[in-house]
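S.K.: my questions are about this predicted structure, shown below with the sequence.
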Amino acid sequence: MLNFINALPGAVSQGLIWGIMATGVYITYQLLDIADLSVDGSFCTGASVFVVLFTGGANVWLSMLLALLAGMLAGLVTGILHTFCGIPAILSGILTQLGLYSVNLAIMDMKSTAAISITNSETLDQLLVSLRFVQDVAKGERPIFRHPIFVAGLFTAALIAVMYWFFGTELGAALRATGSNPNMARAQGINTDFTKVLGLMLSNGIVALSGALLAQYNSASEINMGRGAIVIGLAAVIIGQVLFGRIFRNFALKLLAVSFGAIIYYIVIQAVLSMGLNPNYLKLLSAAVVAVFLSVPYWKGRYVPGKVRTGGAGHA
Amino acid sequence: MLEIKEIWKTFNPGTVNEKQALRGVSLTLADGDFVTVIGGNGAGKSTMLNAVAGTWTVDAGAISIGGTDVTRLPEFKRAAFIGRVFQDPMLGTAPSMQIIENLALAARRGQRRGLGWGVAKAEKSGYQEMLRKLDLGLEDRLTSKVGLLSGGQRQALTLLMASLRKPRLLLLDEHTAALDPKTAEKVLDLSDRIVEESHLTTMMVTHNMKDAIAHGNRLIMMYDGRIVVDVSGEEKKKLTVPQLLELFGKASGSDEADDKLLLS
């Protein structure tokens, strides 16, 4: 139990970082109605690009920006495969994801990992988040505002603010309309191919940004770090919806629910791990959790009769 | 306003499901024409409307709207000229978005969509006024999700959206077929009112011969991918259902008119 409590700040930090990834998944899965599997690859792309650039001496912010752009490029590829080449969205994502495996290895100079050496305290100080900071803050060696929860929280808040603004604009509304009803969108003069590509680019950019943050947190990029990212993203989206869907109606709050969903997911994982589960079973656990949460609404609709509403006037 | 020249369309060519849906259809509409389109199932009515709207491109022939050749233009670009209401009430609106968001999307039809607000504050009162005229109680529900509305409410809203930015052409594709008779009548009346107020060039597909006669200034009947009857002016005004059936029988060269039209 003590183990679990000690691990909590780390779990919340990781949850927040993955929550940023899940917010990217939210754009495709929830707003565009596309299950985009390229994120499994673009997450690692973001991490790899960041580590290679940063260890090569680039500024941390510049490295983050280029990681984001690399992710957007991955999204562009999926988008073009889907719209211009007419390949179903799921398959387009799978193709990109598979191709990115080689690309990510190439970025990391054909190695399966690329590490940031944090023995050098100067390098460590430059990082925005790190597992080390969790311990350092606890020991009082670093100011509280360097805690990953604080920094990742700020990132989340900024991201939610930008997304809230963007999806309220004409372009953002066009993107939402595309996901809600593509026929209607085209009839209203929206180029649905363009909005889909744009959505995929934004989503993968955000996912790559989250990958760059996790690479800092773990001080390494690893070729398999994005495996199952889509499932974790879906888990966060769905947990957020199930737990907060009734109270969080505003769009910004819905995005916040995604972040909360990711945090809860990581706390649960931490709890299970501290109960002694072999970490190799985590992927199976994740898949099972998402499968159950996706099934519940379906079963509910199918086997639980709806409530009969009496009274109240109907409209034409 | 609309000029259709010899358009042809075959679906699933070279397969057992091959269907020649349009076989050399030509039609010219003058500015302000309101033409009703009638015919049996598979006659090509909806196919003709979709050809004009650009759901797909035609195999041969040309289509121009208000002098602009749109034959090769994708659907979303043609939308700048065209307002549409579909048969399925689900198709015309974005269900997960608010009423006001749907209206604002329609108000920007044919314009570049940039980073300005999707719904400007100044737009609200105008929409409220338009919705009040529909008399469906929607004016107080601007922020309700459209998915919560009934079929009739959605079709009325879609009509409003189709005409919000005056289109050169309004396409109504059996837009009352999925509604109960009372609601259908209401939506038809509303269509008449909107067409008249904005002086819109309109094509309305219908299954109902009475409606086809009662509305518009011109009536065309399709059979087997062709236009076989075309009446307008005084002749159209005096038209009755039995006469229409007779015309159809003559044009199609068969006496299956009764089954084809009445039962469909």
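M.R.: Sure thing, it's come through.

S.K.: quick one, helices of chain A?
M.R.: Listed in chain order, the helices of chain A (DSSP state H) span A:2-26, A:39-55, A:60-83, A:89-107, A:121-126, A:131-139, A:148-166, A:170-180, A:182-187, A:192-218, A:229-244, A:251-274, A:282-303.

S.K.: ok, now the stretch 151-264 of chain B?
M.R.: B:151-164, B:181-198, B:209-214, B:233-237, B:241-252, B:257 (DSSP state H, counting those that start in this stretch).

S.K.: so which of those is the most packed in?
M.R.: helix B:151-164 (a mean of 24; mean count of other Cβ atoms under 10 Å in any protein chain shown). Where C-beta positions appear, they are placed from N, C-alpha and C, glycine not excepted.

S.K.: tell me the phi and psi of B:Val35?
M.R.: Main-chain dihedrals, B:Val35, degrees, to the nearest 10: phi -110, psi 130.

S.K.: cool, the one 4 residues further on as well?
M.R.: The phi and psi torsions at B:Gly39 (degrees, to the nearest 10) take the values phi 160, psi 160.

S.K.: which residues does it contact?
M.R.: By Cβ atoms under 8 Å, 6 or more residues apart in numbering or on different chains, B:Gly39 lies in contact with B:Lys45, B:Met221, B:Met222, B:Tyr223, B:Leu261.

S.K.: next, count neighbours for the fourth one.
M.R.: For B:Tyr223, the tally of surrounding residues (other Cβ atoms under 10 Å in any protein chain shown) stands at 22.

S.K.: what separates it from B:Val37, distance-wise?
M.R.: Taking Cβ to Cβ, to the nearest Å as the measure, B:Tyr223 falls 12 Å from B:Val37.

S.K.: surely B:Val241 and B:Met209 touch.
M.R.: Yes - between B:Val241 and B:Met209 there is a contact at 5.1 Å, judged by Cβ atoms under 8 Å.

S.K.: what residues does the stretch 151-300 of chain A have near chain B?
M.R.: A:166, A:168-174, A:176-177, A:179-181, A:183-192 (Cβ under 8 Å from any Cβ of the partner chain).

S.K.: tell me the bridge partners for B:Leu171.
M.R.: B:Arg84, B:Met203 (DSSP bridges).

S.K.: what about it, how many neighbours?
M.R.: 26.

S.K.: next one, pLDDT for it please.
M.R.: On the pLDDT scale, B:Leu171 is placed at 96.

S.K.: who's in contact with it?
M.R.: B:Leu49, B:Val52, B:Ala53, B:Ile82, B:Gly83, B:Arg84, B:Val85, B:Thr202, B:Met203.

S.K.: what is the nearest of the contacts of B:Gly39 to chain A?
M.R.: B:Lys45 (18.0 Å; Cβ to the nearest Cβ).

S.K.: for B:Ser252, see how far away the residue nearest the centre of chain B is.
M.R.: Per Cα atoms, centre = their mean, the C-alpha nearest to the average position across chain B is that of B:Leu172, at 1.6 Å. Using Cβ to Cβ, we find B:Leu172 at a distance of 24 Å from B:Ser252.

S.K.: could you do A:Leu256 as well?
M.R.: 63 Å.

S.K.: and the helix or strand harbouring B:Ala106, how far out from the chain's middle?
M.R.: Take DSSP states H and E as the rule and B:Ala106 turns out to sit in helix B:99-107. Between the centre of helix B:99-107 and the centre of its chain there are 19 Å (Cα atoms, centre = their mean, to the nearest Å).

S.K.: same for that helix, what does it pack against?
M.R.: helix A:170-180, helix B:124-134, helix B:151-164 (3 or more Cβ pairs under 8 Å, 6 or more residues apart in numbering or on different chains; DSSP states H and E).

S.K.: CA atoms of it as CSV?
M.R.: Extracted C-alpha coordinates of helix B:99-107, given in CSV (Å, rounded to 0.1, in the frame of the first residue of the first chain):
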residue,chain,number,x,y,z
ILE,B,99,-29.1,24.2,-33.9
ILE,B,100,-27.3,27.5,-34.1
GLU,B,101,-24.0,25.8,-35.1
ASN,B,102,-25.8,24.1,-38.0
LEU,B,103,-27.3,27.4,-39.1
ALA,B,104,-24.0,29.1,-38.9
LEU,B,105,-22.4,26.4,-41.0
ALA,B,106,-25.1,26.9,-43.6
ALA,B,107,-24.7,30.7,-43.5
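
S.K.: how big is the angle separating it from helix A:170-180?
M.R.: 110 degrees (axes from the mean of the first three to the mean of the last three Cα atoms, to 10 degrees).

S.K.: relative orientation of helix B:99-107 and helix B:151-164 in degrees?
M.R.: Using the same axes, to 10 degrees: helix B:99-107 against helix B:151-164 is 40 degrees.

S.K.: need the contact partners of helix B:99-107.
M.R.: Contacts for helix B:99-107 (Cβ under 8 Å, 6+ apart): A:173-174, A:176-177, A:185, A:188, A:190, B:93-94, B:97, B:118-120, B:123-124, B:127, B:130-131, B:138, B:141-146, B:149, B:157, B:160-162, B:164-165.

S.K.: of those residues, buried ones?
M.R.: A:173-174, A:176-177, A:185, A:188, A:190, B:93-94, B:97, B:118-119, B:127, B:130-131, B:138, B:141-142, B:145-146, B:149, B:157, B:160-162, B:164-165 (16 or more other Cβ atoms under 10 Å in any protein chain shown).

S.K.: report how many residues lie close to the spatially closest residue to A:Leu171 that is not a sequence neighbour.
M.R.: The spatially closest residue to A:Leu171, leaving aside those adjacent along the chain, is B:Arg113, at 5.0 Å (Cβ to Cβ, 6 or more residues apart in numbering or on different chains). By the measure other Cβ under 10 Å, the count of residues near B:Arg113 is 22.
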